[in-house]
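**Student:** no FASTA, just this:
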């Protein structure tokens, strides 16, 4: 499959399927809460509704207006750089380090948009977003580095090749566990939805956004949890491995569904943590990730 | 072999800078005339230097004849412009010219009652001294130019004589840099006693001989050189003078310093450790030392910067941090010099690439902060705000510079940081004892890049974004055009160096190839791939990493356009409205978020862990008193350390069974790992 075709496929998967998984998670939450809940396609309906709503601007200038565009754009580029069931189609443009930094470009856009809103709640949300980035990204870096150490390369396609040759190892399993523990925070789900924190800071960085720009932010949020779960299952749990794309992608989607259902269950039964409690927890998960890296260095 | 054209160009540059220094002391009271005269001479000298640099980069190293020769001292004033010097000769005049053009309006507004002859001549002499430092081929004259550089920059730091703190900062700068320069001269004198000459080539030869006969002395010499150059570069713990001295100087002077002087410390380290240091068995030791010290600098410098609320102090601490990245790259290169030539080349190029990038974005940041200071007359981040709505060009430049220093793709900082991470991690992948060391260094570097991002988000949000603060003068427009042009130029270079990395990499490859030897260094396309739009790093074992900024920018543009199209698909009407603070009426000043509160829990969490860059006060009597108080420096610390260790160990017994289970699990994993390691050979 050509590079362009692969990139387009990744983008279409991210754009079309990410809200579906969000809908499944909302339905799961409703089931756990013993209520009927919205239909699975509700996020699509919400996004379509938002696209037509009035766009209110508190005067933040071009940064306020462009921040959601850059946030979603960067997230889509990250989806193209990520392995969605198959090797990343855009892998010739960036490896694991580039992927991590493109995602932080998306976070930077969110923070700049929050600052441009001029609202103290948005500032607080941006501050919390930065702290979450500071404590959670090292875990992702260390886990991917453990995979990279095994594969002797930092390109994600190379890591997947190594996995297909060598099979499961203890260090990769522990790195996958650390990645999964950080996934809850990367997906912005309870107990780590500190950035948005509805009842504390009224939506945080997204507070002043409405209508189509809010739809872009929501889409970026859905794409983020989709891409992170897909990276988890493609690099750390790649089995069963099949050759043709037509089989590999649905199998990947099924695994992502299982992972996101787990995330949804944890989301439904937990309260929100404070930012310092979250930092302590992430410190301990970083310890687990470092243990995985040490095991990878030893050769286990 | 003397190259007449190169010689004439170099002499022309020196002549123009000296003439400019004299000319700009002529108009004693007119800031504008003095300023533009200085800028004209600087521009002409820069043109000469750029032509010289282009010539050397294309044709190879150039020597001039000996202008003064003191045979008795074994020294002579010869200039040797090789490709490394040429790279510096490209960057430094650019930064200096930008800072000088900026200074015309800045100094006129902020220091109208001072005499312009106290600023411009010294700025031009500083540039002349820097040109001398990078082209000298004789240690004594190198030292003379180094001293000239220190003296002229000291006069610039001391510009505001009325402010007591600034005068004290200037004195501290003077003393610390002279102690450091004395170390360099001492090392030079030791080699002079052995070889009878100060020329770089002779020093290299003598050190090579001494490596066989007295390696301890070579280590001492290298330590002296490192102390001297690292102090100038601002490496932790020798860079404590930096956060005092750089904020004290006027902003354009700080920009010129940040863009050129700290880089000369790195230039000195590269020259000494890669050219003089002909001691193959000792390069791994010094490479490890430099890399570890660099990483320590990264860690402490950047975390201390996060706690500061004065804009220029933040930038100065970040210089300490970013110098660490350059030292990490250079140290990694030195470490792998004998074991892996490909990795050594890439690492050294990464360190030098970061030098070029840092010169551009750090001086740009000082200019941005100066622009904010131009109207608000304050540097306190808690008091500023909302300048972005009126100062559009400055804000755009500030965003480009901040994202550059934080290492966000596709800007220049990302390209060099990516290359530094790749060298560190590839070094770790080589296995053995290097794995844990370089993994740790690389991970600290990547983590601190996030802390840099936090610090600059705080800076951007406090100065440029949001709403204008009530406590300072209301700003109605952007800075004058002569202050905007340097910012536009520097930000264009930041973007260019990031989006087209092949350009600086080709230049640096030529420089590194000259230093390490053409037979030692692998081919360019084998290292970086044949695709000119990006880098496909290959150290001989397959593709190690990939970064293609052209494709990434194209993809980003396409995806952002798609996102914009989606947002416009519903044809939603837009309306201006006021911000919402929970439905109540508030005074704007009451609801403004102060810079101090940004990432406050994170700062508090780290308060107990890291040391801050503290400024030592030198009191001889107190030192003696403390030396004799054995209780204080020996017994009590040991007892406290013992008590703390036992306290730490006692925390494992928390009484909660789950914690014990975790410890058991950890112990099991460790035990299995150790067993595996021990028995691996036997099973």
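**Tutor:** That came in fine, so what should we check first? Keep in mind that what you see is a predicted model, and the values were worked out from it rather than measured.

**Student:** report all helices and strands that whatever helix or strand residue B:87 lives in contacts.
**Tutor:** Remark: residue B:87 resides in helix B:83-110, with elements defined by DSSP states H and E. In terms of contacts (3 or more C-beta pairs under 8 Å, 6 or more residues apart in numbering or on different chains; DSSP states H and E), helix B:83-110 is packed against helix B:31-59, helix B:120-135, helix B:251-256, helix B:262-271, helix B:341-376, helix B:481-499, helix B:502-516. For every residue, glycine as well, the C-beta is placed using N, CA and C.

**Student:** buried set for that helix?
**Tutor:** B:83-108 (16 or more other C-beta atoms under 10 Å in any protein chain shown).

**Student:** likewise stretch A:46-63?
**Tutor:** A:46, A:47, A:50, A:51, A:53, A:55, A:56, A:57, A:58, A:60, A:63.

**Student:** need the worst-confidence member of those.
**Tutor:** Among those, residue A:60 carries the lowest pLDDT, at 76.

**Student:** I'd guessed that residue sits against residue A:205; true?
**Tutor:** No: judged on C-beta atoms under 8 Å, residue A:60 makes no contact with residue A:205 at a distance of 11.8 Å.

**Student:** filter the buried residues of stretch A:46-63 by proximity to chain B?
**Tutor:** Residues of those in contact with chain B (C-beta under 8 Å from any C-beta of the partner chain): A:50, A:51, A:53, A:55, A:56, A:57, A:58, A:60, A:63.

**Student:** so which of those residues are in strands?
**Tutor:** A:55, A:56, A:57 (DSSP state E).

**Student:** hey, what's the second one bridged with?
**Tutor:** With DSSP bridges applied, the residues forming beta bridges to residue A:56 are residue B:575.

**Student:** do you know how far it is from residue B:575?
**Tutor:** 6 Å (C-beta to C-beta, to the nearest Å).

**Student:** and the last one, by the same measure?
**Tutor:** Between residue A:57 and residue B:575 the computed distance is 7 Å (C-beta to C-beta).

**Student:** list the contacts for residue 112?
**Tutor:** In the absence of a named chain, chain A is used. A:63, A:67, B:399, B:457, B:460, B:465 (C-beta atoms under 8 Å, 6 or more residues apart in numbering or on different chains).

**Student:** let's do chain B instead
**Tutor:** Counted by C-beta under 8 Å, 6+ apart, residue B:112 has contacts residue B:31.

**Student:** swap in residue B:315?
**Tutor:** So residue B:315 contacts B:246, B:254, B:258, B:362, B:365, B:366, B:369 (C-beta under 8 Å, 6+ apart).

**Student:** what does residue B:85 give?
**Tutor:** Contacts of residue B:85 (C-beta under 8 Å, 6+ apart): B:56, B:134, B:135.

**Student:** which one of these is nearest to residue B:445?
**Tutor:** Nearest to residue B:445 among the contacts of residue B:85 is residue B:134, at 26.9 Å by C-beta to C-beta.

**Student:** quick one: that closest one and residue B:88 touch, right?
**Tutor:** Yes: if you go by C-beta under 8 Å, residue B:134 and residue B:88 touch, sitting 4.5 Å apart.

**Student:** and for the two, which residues touch both?
**Tutor:** The contact lists of residue B:134 and residue B:88 share B:264, B:267, where a contact means C-beta under 8 Å, 6+ apart.

**Student:** enumerate the residues of the stretch 201-300 of chain A near chain B.
**Tutor:** So the stretch 201-300 of chain A meets chain B at A:202, A:207-208, A:211-213, A:215-216, A:219, A:275-276, A:279, A:291, A:293-295, A:297-300 (C-beta under 8 Å from any C-beta).
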